[in-house]
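**Student:** Dropping a prediction and its sequence here:
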Amino acid sequence: MSFAQVYTRSVVGLHAPKVIIEVHLSQGLPALTIVGLPEAAVRESKDRVRSAILNSGFQFPNRRLTINLAPADLPKDGARLDLPIAIGILAASDQLDPEVLSGFEFIGELALNGNLRQVTGSLAVARAIKAERLAATSLSSNERPLNEQHSVETSESVKLIVPMDNGAEASRVEGVEILGAQSLKSVCDHLRSLADSSGFYQPLDIVTPSIAPKHVGYQVDLADVKGQHHARRALEIAAAGGHSILFTGPPGSGKTLMASRLPTILPDLSDEDALEVASTYSVADSDYDYGTRPFRQVHHTISAVALVGGGSRPKPGEITLANKGVLFLDELPEFDRTVLEVLRQPLEAKQITISRANSQMTFPANFQLVAAMNPCPCGYDGDGSGRCRCSAQQIKRYQDKLSGPLLDRIDLHITVPALPIADLQNAQAGEASEQVRHRVSKAHDCQIQRQGKVNNELSPSEVDKYIQLGEGEQQLLQLAQQRLNLSARGYHRVLRVARTIADLADSVAITSAHVSEALSYRSK
C-alpha cells in the first residue's frame, strides 16, 4: 500500500483542532515534501523523522514522499507532529498495518535515536478529544453530514499515544485512554501487537491518572499578616465575591504580603476549572502546581502584548495565565499607561479577543486584579514621621498616571497604613487562611446556588434581578451618589460588593450597614 492516514492534533491558541496527516508514496526521484501550512519546526521534522525511523530498525522508503497536513488552511507548528508523520510513513511503506491506525491519535517529538520527547499542549489535546467525544455522542450519526461520519464512529474508542513524560499530565482528563511511550519503536510494537496475537510484540501500558489532593496546600498563609484588620476584611470580601482591589500605602506596610495571600483564601477550584487552568499552562509551557489558584505577579516594565497576549500567532498573556486566579500589579503608577488601559475591557468581559489580519482568537481572562501603589513618588505622603517632601503638584502628577475609567473598574480601594514596630512585636497572629477560606467558600456557594456565578460577574440586568434594596438603602445610595460622584458602573459595583458583604454575614437582605461598608471602599 502506498497511502496512509494518521490522526493528530495541532494547538491553536488554547484549542486543539484535529489534523489528518496523509502520506503518499509515488514513483520518482527520492524526495520528501510536506504541504498544508507547516511552520518551520514542522518542515524540519523530515530530518528528525528520517533519522528516528532508521535508528529504530525500520527502512526509510527510497521513493517520492508527499505528506499533506489537512485541513490545509490551518497553520501547524511545533514538533508534536513528528510521531504521527513517522507512523504515517511506516504505514504507507507497509511496515505497519494502516488498518489499526484509525483508533489512535498521536503526538510527540522524535529524537534522532527514535526516543520520544515531551511536547506542549498534551492536556489541551486530551480535553479536545473528550469534548469531541461528548459532542459526537450527543448527536446520532444520521444527524451529521457524511464527511463527519468517521468522527462520530471513532471518537468513542479513540486512544491518545503521547510521550511518557506527557502521560501523567494528559491522563488527568477522565474518559480518554492515554498510552505513554518511550520511543517510536515501542509505539510500533504496540500497533503490531494488535494485529499479531503471538505475543511477540509488547503493547503499551495505559497511563493511570494521578489523584489530585482534595485540598490544595499553599506555601504561605494569611496568618502571616499581623494587624491591618481593615485591609484583611477587604481581602476577605474580595475573595468571597471575586472583586478587584487596590491597596494604597507607604513602603513596607504589607501590601504585597496581603496580595500574595489572596489565593490561599479563595475557594478550591472545581475539577473542570483546574483542568482549564492546567491546560492553559500546558500550552504556554509553564510550570503549574495542579489545583492551585494561579498567582501572577508582573513587573512594571511588562509590555501590553505580554500582558494581554498576542504575537503574529496569538499566544496567551499574563491575564490568561491568571485566569481563575490573581493578577498582581505592584507599583501600579509605574506601569506604562497604555499597558494599564488594555486591562479595561478584560476586567469587564472576563475574556480578551486578539485580532490579526488572518485570524481572531479569544482567550479567557477571568482573573481577580489586585494592585498596590504608594500615595506619592517617595511613598510617605500622610505618614506621621513627616518624611514626605513631595509637593502637591508632584503628588497630583503621580496619581494622575492612573486614569479614572481604570480606577472606576476597581471595586475596593483600601488605605494600608504603616504599623509601628511595637504593634508588630506585640500583635498576635491573625486568622489562618483555612478559617477565612471556610467563610469565603460558604458565601461563594451561596452565590452559585442563587445566581450561578459570583457577584462580581453579575451583568446590570442580573444586578436588578438578584440585588433588591429597601427604601432606606436606596436613599443612602442616592445621597452617596451626590457626594462621591458615583458613575453608573460605580453604582453597580457598590451593589455587588454590598451583596457580597451580606452573603458573608449570611443575610438574605441587604441592609444599610452592608451598603455603608461597601461605600466606604469607594471613597477614593
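**Tutor:** Here it is on my side, so go on.
**Student:** Touching, residue 446 and residue 503? I think so.
**Tutor:** Yes. With contact defined as CB atoms under 8 Å, residue 446 reaches residue 503; the gap is 5.1 Å. Every residue, glycine included, has its C-beta placed from N, CA and C.
**Student:** And these two? Which one has more around it.
**Tutor:** Using other CB atoms under 10 Å, the more surrounded residue of residue 446 and residue 503 is residue 503, with 26 against 18.
**Student:** who touches that one in this structure?
**Tutor:** Taking CB atoms under 8 Å, 6 or more residues apart in numbering, we find residue 503 in contact with 240-241, 443, 446-447, 455.
**Student:** can we see that at 6 Å?
**Tutor:** Under the criterion of CB atoms under 6 Å, 6 or more residues apart in numbering, the contact list for residue 503 reads 443, 446.
**Student:** can you check residue 23 too?
**Tutor:** Counted by CB under 6 Å, 6+ apart, residue 23 has contacts 4, 67, 88-89, 92.
**Student:** which of those residues tops the neighbour count?
**Tutor:** residue 88 (30 neighbours).
**Student:** what helix or strand does that one sit in?
**Tutor:** If you go by DSSP states H and E, residue 88 is part of helix 82-92.
**Student:** Could you point out the helix or strand that follows that helix?
**Tutor:** Counting by DSSP H and E, the next helix or strand C-terminal to helix 82-92 is strand 104-106.
**Student:** So, low pLDDT: which residues of the stretch 101-250 of the chain?
**Tutor:** Counting by pLDDT under 70, the ranges of the stretch 101-250 of the chain that qualify are 139-156, 211-215.
**Student:** Could I get the full set of helices for the stretch 1-150 of the chain?
**Tutor:** Under the criterion DSSP state H, counting those that start in this stretch, helices of the stretch 1-150 of the chain are mapped to 40-43, 45-55, 82-92, 122-138, 149-155.
**Student:** Of all the residues in the fourth one, which ones are buried?
**Tutor:** Right, helix 122-138. Residues of helix 122-138 classed as buried by neighbour count (16 or more other CB atoms under 10 Å): 122-130, 132-133, 136.
**Student:** could you say what helices and strands it packs with?
**Tutor:** Packing partners of helix 122-138 (3 or more CB pairs under 6 Å, 6 or more residues apart in numbering; DSSP states H and E): helix 149-155, helix 164-170, helix 271-284.
**Student:** got the angle for it vs helix 271-284?
**Tutor:** Relative orientation of helix 122-138 versus helix 271-284 (axes from the mean of the first three to the mean of the last three CA atoms, to 10 degrees): 130 degrees.
**Student:** where does this structure have its least confident helix or strand?
**Tutor:** Across the helices and strands of the chain, mean confidence by mean pLDDT, DSSP states H and E is lowest for helix 149-155: a mean of 46.
**Student:** State which helix of the protein is the longest.
**Tutor:** helix 433-451 (DSSP state H).
**Student:** Which is the succeeding secondary structure element to it?
**Tutor:** For helix 433-451, the following helix or strand on the C-terminal side (DSSP H and E) is helix 460-466.
**Student:** Check which helices and strands that next one sits against.
**Tutor:** Secondary-structure packing of helix 460-466 (3+ CB pairs under 6 Å, 6+ apart): helix 488-504.
**Student:** Alpha carbons of the longest strand seen in the chain, as CSV, please.
**Tutor:** Assignment by DSSP state E gives strand 18-26 as the longest strand of the chain. Extracted in CSV, the C-alpha atoms of strand 18-26 (Å, rounded to 0.1, in the frame of the first residue of the first chain):
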residue,chain,number,x,y,z
LYS,A,18,-7.9,17.7,14.6
VAL,A,19,-5.3,17.3,11.9
ILE,A,20,-5.2,14.5,9.4
ILE,A,21,-1.8,13.5,8.1
GLU,A,22,-2.0,11.9,4.6
VAL,A,23,1.2,10.2,3.4
HIS,A,24,1.5,9.1,-0.2
LEU,A,25,4.4,7.2,-1.8
SER,A,26,4.9,7.5,-5.6
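**Student:** just for this protein, where's the confidence low?
**Tutor:** For the chain, applying pLDDT under 70 flags the ranges 1, 139-156, 211-215, 523-524.
**Student:** mind listing what residue 351 touches?
**Tutor:** Counting by CB under 6 Å, 6+ apart, residue 351 makes contact with 362, 364-365.
**Student:** run the last query once more with 10 Å
**Tutor:** Residue 351 sits next to 319-320, 323, 345, 362-366 when contact means CB atoms under 10 Å, 6 or more residues apart in numbering.
**Student:** filter those residues to the buried ones?
**Tutor:** Taking 16+ other CB under 10 Å as the criterion, what is buried in the contacts of residue 351 is 319-320, 323, 363-366.
**Student:** quick one on the thing from earlier: closest one to residue 250 out of the buried residues of helix 122-138, please.
**Tutor:** Of all these, residue 123 has the smallest distance to residue 250: 43.2 Å, by CB to CB.
**Student:** now the closest one: how far from residue 412?
**Tutor:** Distance, residue 123 to residue 412, by CB to CB, to the nearest Å: 34 Å.
**Student:** Assess the claim that residue 104 and residue 5 are in contact.
**Tutor:** No. Using CB atoms under 10 Å, residue 104 makes no contact with residue 5, being 11.4 Å away.
**Student:** Neighbour count: these two, which is higher?
**Tutor:** More crowded of residue 104 and residue 5, by other CB under 10 Å: residue 104, with 23 against 17.
**Student:** burial measure for the nearest residue to the more buried one once chain neighbours are set aside, as a count.
**Tutor:** Residue nearest to residue 104 in three dimensions, not counting chain neighbours: residue 159, with 5.3 Å by CB to CB, 6 or more residues apart in numbering. Around residue 159 there are 16 other residues, counting by other CB under 10 Å.
**Student:** in the sheet, who's paired with residue 159?
**Tutor:** residue 104, residue 177 (DSSP bridges).
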